[in-house]
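> I would like the atomic coordinates for the input below:
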Amino acid sequence: MKKDNFQGYKGDSLEILKKYNVRVWGTASIKTHRGTFEGTVLPRSENDDDQHIVLKIITGYNIGIDITTIENMVETGYKKANYKIPEKEFPKTPGLPKVKLFGTGGTIASRLDYRTGAVIPAFSPGELYGAVPELADICNLETEKVFAVFSENMGPKQYMALAKAIGKEIENGIDGIVIGHGTDTLHHTGAALTFMVQNSPVPIVLVGSQRSSDRPSSDAALNLMHAMKTAGHSDIAEVMVCMFGPTSDEYGLLHKGTRVRKMHSSYRSTFRTIGDTPLARVSRKEIIPIKKKYNHRRKDKNVKILPYFSDKVTMLYYYPGMRPDTIDALVDAGYEGIIFVGTGLGHVNKELYPAIERAQKKGIHMYMTLQTIWGYVHMFVYDTGRDMMAKGIIPAGNMLPEVAWVKLSWVLGQTSDPKEVKKMMLTSINDEITTREPYNGYLVYQGGVPQVDEFVRNVHK
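This is a model prediction of the structure:
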């Protein structure tokens, strides 16, 4: 009898594994009503149901097999998972730039053990060199894990700690900084660090991956190489997000921290510059600037670290029929700032006016942004906009809603004086508000349109 190994399985799925004497990490041939599948049986999360068995097939993808379809299972082999990645000493090469990688959580890079199906996270220089040996040709790498949280759990505490850590590394003479980060809130952190770390003499690059390293289409390693190339060799000394450009492996794009947004839940090319063009294209061989104007790398160590943030700011996404008690509840809860995400040119319904007036009397700082994402708030056009400005809501130009939330939080972490808050909010620090949007800063590829179909067919997605 084989030794039991049924990690995470319970109920009916556990009974099926026991019936056919198949273990987790065992290679198995599973015959079902829909055909026969072969691969490695993977562990199940404790929160998953008990009606499926997870199999990693030969292509590297995971599939779930409904146990009610199973006719027979045979374990054809077994290899216990080894979670330790082989380390190789990261070589130090004279003349290459020194780059610091900060880890915030998640998997920066990883290696798949194809014998077992295990995904092994890599973080130390030796582990990263074992997983992505190409990094040694780009830079001399140092790493430091500052947090171990999913990106949705990143917040003010982490923003401020990162800003201070960045300042320390710049003071120590680092040539560039990379921050490994989950993609869901990558753009929020990019905006926060843009305001907290000003006038940096070196590139600060946030990077993540859309697809885990156990998938054949993973973007983790290439994104990491692009980010290291940027941090060590780019002349662009700004807070940037580095992710895939097209969905193919051609190049990455560097996005300004205040003008970038995650636009797709699963595409590798999910990050897009909004209302502007990206800063540059990056490949393993070169960095090609797209914008002519940017902050250039310097040899000094002068940087402004401003780690301030108030947790009393919220973002209110307007919807038709929104009731005034929504705003009243926020004010009663002690919020000091509200970023409205309004319709069209920056509108909400008139039923909210009394609550807005009550918020104004209590000194709540209120700013308007747009649901349309692209474009500017124009509150002078219709009576609705003029009425709201008279009641204390201030238009925030073409600031993205989440950037406006970050900035108002940062500002209120320093002052609550209405005039000073308004001055700081409407004074652009790094293109969070621009004087105009370029003609090619608004591009939506809509299938079915002849010109777009031709472009996608002849160029790439």
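
> okay, helices next: where are they in the chain?
11-20, 125-131, 156-171, 186-196, 220-233, 325-332, 353-361, 383-390, 401-412, 418-426, 450-458 (DSSP state H).

> what's in contact with the last one?
I take that to be helix 450-458. By Cβ atoms under 8 Å, 6 or more residues apart in numbering, the residues outside helix 450-458 that reach it are 445-447. Where C-beta positions appear, they are placed from N, C-alpha and C, glycine not excepted.

> could you give the mean pLDDT of that helix?
Model confidence over helix 450-458, given as mean pLDDT, is 78.

> given the longest strand anywhere in the chain, what are its sheet partners and their directions?
When the chain is scanned for its longest strand (criterion: DSSP state E), the result is strand 70-78. According to DSSP bridges, the neighbouring strands of strand 70-78, each with its direction, are strand 26-32 (antiparallel).

> buried residues, the strand it pairs with. List them.
Neighbour counts over strand 26-32 (16 or more other Cβ atoms under 10 Å) mark 26-28, 30, 32 as buried.

> so how far is Leu279 from Thr372?
Look at Thr372 and Leu279: by Cβ to Cβ, to the nearest Å, they are 23 Å apart.

> re the thing from before, the longest strand of the chain to helix 11-20, inter-axis angle?
Angle, strand 70-78 to helix 11-20, by axes from the mean of the first three to the mean of the last three Cα atoms, to 10 degrees: 60 degrees.

> if we can go back for a sec, now the contacts of helix 450-458 in TSV, with distance to Leu253 and neighbour count?
Listed next are the contacts of helix 450-458 as TSV, based on distance: Cβ to Cβ, whole Å; neighbours: other Cβ atoms under 10 Å:
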residue	distance to Leu253	neighbour count
Tyr445	15	10
Gln446	21	8
Gly447	22	7
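
> ok, of the residues you listed, which one's closest to Lys301?
When those are ranked by distance to Lys301 (Cβ to Cβ), Tyr445 comes first, at 43.1 Å.

> grab the nearest non-local neighbour of that closest one.
Beyond its immediate neighbours in the sequence, the residue positioned closest to Tyr445 (Cβ to Cβ, 6 or more residues apart in numbering) is Val452, lying 5.3 Å away.

> burial check on that neighbour, number of neighbours?
When counting by other Cβ atoms under 10 Å, one arrives at 14 neighbours for Val452.

> for Gly245, same thing?
21.

> tell me how far the residue nearest to Gln446 when sequence neighbours are not counted lies from Leu443.
Closest residue in space to Gln446, ignoring its immediate chain neighbours: Val452 at 5.7 Å, by Cβ to Cβ, 6+ apart. For Val452, the distance to Leu443 (Cβ to Cβ) stands at 10 Å.

> so what touches the longest strand of the chain?
So strand 70-78 is in contact with 2, 16-17, 20-23, 25-33, 38, 53, going by Cβ under 8 Å, 6+ apart.

> check which residues of it are buried.
Using 16+ other Cβ under 10 Å as the burial criterion, the residues of strand 70-78 that qualify are 70, 73, 75, 78.

> how distant is it from the center of its chain?
39 Å (Cα atoms, centre = their mean, to the nearest Å).

> pLDDT weak spots in the stretch 51-200 of the chain?
In the prediction, the stretch 51-200 of the chain carries residues with pLDDT under 70 at positions 81-86, 106-122.

> please redo it, this time with the cut-off set to 90
56, 58-62, 79-90, 103-133, 145-151, 182 (pLDDT under 90).

> quick one, strands of it?
When assigned using DSSP state E, counting those that start in this stretch, the strands of the stretch 51-200 of the chain occupy the ranges 52-57, 62-66, 70-78, 98-103, 109-113, 118-122, 140-145, 176-180, 197-198.

> so which of those strands comes closest to Pro156?
Nearest of the strands of the stretch 51-200 of the chain to Pro156, taken as Cβ to Cβ: strand 197-198 at 14.9 Å.

> so what's the residue nearest to Asp12 when sequence neighbours are not counted up against?
Spatial nearest neighbour of Asp12, excluding adjacent residues (Cβ to Cβ, 6+ apart): Asp50 at 5.0 Å. Residues in contact with Asp50 (Cβ under 8 Å, 6+ apart) are 9-14.

> and this protein, what are its domains?
11-78, 98-305, 313-426 (automatic domain parsing).

> ok, which of these comes nearest Glu432?
domain 98-305 (3.9 Å).

> how far out from the middle of the chain is that closest one?
Here the centre of mass of C-alpha atoms in domain 98-305, compared against the chain's by Cα atoms, centre = their mean, lies 10 Å away.

> if we can go back for a sec, make TSV from the contacts of helix 450-458 and add distance to Lys164 and pLDDT to it.
TSV is the format used below for the contacts of helix 450-458 (distance: Cβ to Cβ, whole Å; pLDDT from 0 to 100):
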residue	distance to Lys164	pLDDT
Tyr445	41	73
Gln446	44	75
Gly447	46	77
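
> ok, the residues you listed vs Lys361, which is closest?
Gln446 (45.5 Å).

> any idea how far Gly155 is from the closest one?
Gln446 sits 36 Å away from Gly155, going by Cβ to Cβ.

> just Thr369 next, same as before
In this structure, Thr369 lies at 20 Å from Gly155, with Cβ to Cβ as the measure.

> between these two, point out the one with more neighbours.
Neighbour comparison, Thr369 and Gly155: the larger count goes to Thr369, with 25 against 16 (by other Cβ under 10 Å).

> list the contacts of the residue lying closest to the more buried one once chain neighbours are set aside.
By the measure of Cβ to Cβ, 6+ apart, the closest residue to Thr369 outside its immediate chain neighbours is Pro401, 4.3 Å from it. Contact partners of Pro401, counting by Cβ under 8 Å, 6+ apart, are 315, 317, 339, 341, 369-371.
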